[in-house]
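K.L.:
give the three-dimensional model of this entry:
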Amino acid sequence: MRRRCPSWLLSLIGIVVTAAFLFPLYWMIITSLKPEGEIFRSPVTWVPHSFYFESYTEQLTGSSYNILNGFRNSAIIAFGSLAIATLLAIPASYGLGRFRIPGKSMLLLLFLVTQMLPSSLILTPLFIQFKHMGLIGPNYWSTILANATIGIPFSVVTLRTYFAGLPKELEESATIDGCGAIRTFLRIMLPLALPGVAVAMVFSFLFAWGDLIYGMTFISKESMRPITSGIYTFLGFQSTSWNNTMAFGTVSIIPVVLIFIFVQRYIVSGLTNGAVKG
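P.N.:
Residues are numbered from 1 along each chain as shown. Alright, predicted model coming up:
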């Protein structure tokens, strides 16, 4: 008979794992609050001896980089990618989850394979394609579409398990009541899959918000590039302002933190329920 692991040991393991994952975030915030000379002091200071807030005031004043403009650019790109990925992934995942489609297993495998490809591998083909389409230049469209190609496969794979796990009797009852296929999908199936849709939307947003390579490559106008490109403002050729760099990173992740705080219930529900049936 197997012995169960004590609850206190599981709690201890959970605390250790959580601390390990949160330590880089803690170190980034602490470094942003240190004066330049204290950052490289030996032995290492785990708490700043004197708090240096000028690194944050510089972000707000925009003397080195207009962070509000960067937020606006990233928001346009992230919400645009989110809208495209969600609108295309929902009907695709519903079809793969509820209907018998020839080659469905191969299609799902292709979606999974695209998740394994690094952005640098498809950067050149996308650049050539967007150039022929006239999308390379001072506009957001090329970056929005490129980031949507990341969000769509993830959303399809996630939402398919949701739609596949819904009882077939719901569709049969809707058909008896006179609902067509589209009305059944919009009025019955889609509302039941809203937790999964929320997860797909959040991760599509995060994929686009954290993008750097597409924004730097496809957008020629510097003032239209996403906030992630602003990190180069503090990286000098001979020296790097590490407290300003860490303060910039801390400020730039605020939207991501707020999203997880307000929608964490839907994220947990969507990930757990979507994993019930593959």
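K.L.:
for the closest residue to Gly137 other than its chain neighbours, report the pLDDT, please.
P.N.:
Leaving out its chain neighbours, the residue that sits closest to Gly137 by C-beta to C-beta, 6 or more residues apart in numbering is Ser220, at 5.3 Å. Just so you know, the C-beta spots here come from the backbone N, C-alpha and C atoms, and that holds for glycine as well. Looking at Ser220, its pLDDT stands at 84.
K.L.:
element containing Val156, please.
P.N.:
Assigned by DSSP states H and E, Val156 belongs to helix 141-165.
K.L.:
and that helix, what does it pack onto?
P.N.:
With contacts defined as 3 or more C-beta pairs under 8 Å, 6 or more residues apart in numbering; DSSP states H and E, the packing partners of helix 141-165 are helix 67-98, helix 104-116, helix 119-133, helix 194-209, helix 213-218, helix 254-274.
K.L.:
who's in contact with the helix or strand that comes right after the fifth one?
P.N.:
Sequence order places helix 242-252 as the next helix or strand after helix 213-218, per DSSP H and E. Residues outside helix 242-252 that contact it (C-beta atoms under 8 Å, 6 or more residues apart in numbering) are 28-29, 31-36, 39, 52, 55-56, 58-59, 64-65, 67, 70, 227-228, 230-231, 233-235.
K.L.:
and the helix holding Val156, what's buried?
P.N.:
Neighbour counts using 16 or more other C-beta atoms under 10 Å place 141-165 of helix 141-165 among the buried residues.
K.L.:
which phi and psi does Asn66 have?
P.N.:
phi -80, psi 90 (degrees, to the nearest 10).
K.L.:
please shift the residue numbers so they start at 406 in all later answers.
P.N.:
Happy to do that; since the first residue is 406 now, the last one works out to Asn471.
K.L.:
low-confidence ranges in the stretch 456-605 of the chain?
P.N.:
Scanning the stretch 456-605 of the chain for pLDDT under 70 picks out the ranges 467-468.
K.L.:
could you rerun that using 80?
P.N.:
463-470, 508-509, 519-520, 570-571, 575-577, 579-586 (pLDDT under 80).
K.L.:
which of the contacts of helix 647-657 count as buried?
P.N.:
In terms of neighbour count (16+ other C-beta under 10 Å), the buried residues within the contacts of helix 647-657 are 436-439, 444, 457, 460-461, 463-464, 470, 472, 475, 632-633, 635-636, 638-639.
K.L.:
how near is Ile482 to Gly508?
P.N.:
33 Å (C-beta to C-beta, to the nearest Å).
K.L.:
which one of these two has more residues nearby?
P.N.:
Ranked by neighbour count (other C-beta atoms under 10 Å), Ile482 and Gly508 place Ile482 first, with 28 against 9.
K.L.:
who touches the more buried one in this structure?
P.N.:
Ile482 touches 545, 548-549, 552, 613-614, 616, 620, 631, counting by C-beta under 8 Å, 6+ apart.
K.L.:
so can I have CSV of the residues you listed showing distance to Pro600?
P.N.:
Formatted as CSV, these follow (distance: C-beta to C-beta, whole Å):
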residue, distance to Pro600
Tyr545, 30
Thr548, 29
Ile549, 26
Asn552, 23
Ala613, 21
Trp614, 21
Asp616, 26
Gly620, 30
Pro631, 28
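K.L.:
and the furthest pair within those residues?
P.N.:
Tyr545 and Trp614 (13.5 Å; C-beta to C-beta).
K.L.:
which of the two has more neighbours?
P.N.:
More crowded of Tyr545 and Trp614, by other C-beta under 10 Å: Trp614, with 24 against 19.
K.L.:
any idea how far the closest residue to the more buried one other than its chain neighbours lies from Ile489?
P.N.:
What sits nearest to Trp614 in space, not counting adjacent residues and going by C-beta to C-beta, 6+ apart, is Ala483, at 4.5 Å. Plainly put, Ala483 is 11 Å away from Ile489 if you go by C-beta to C-beta.
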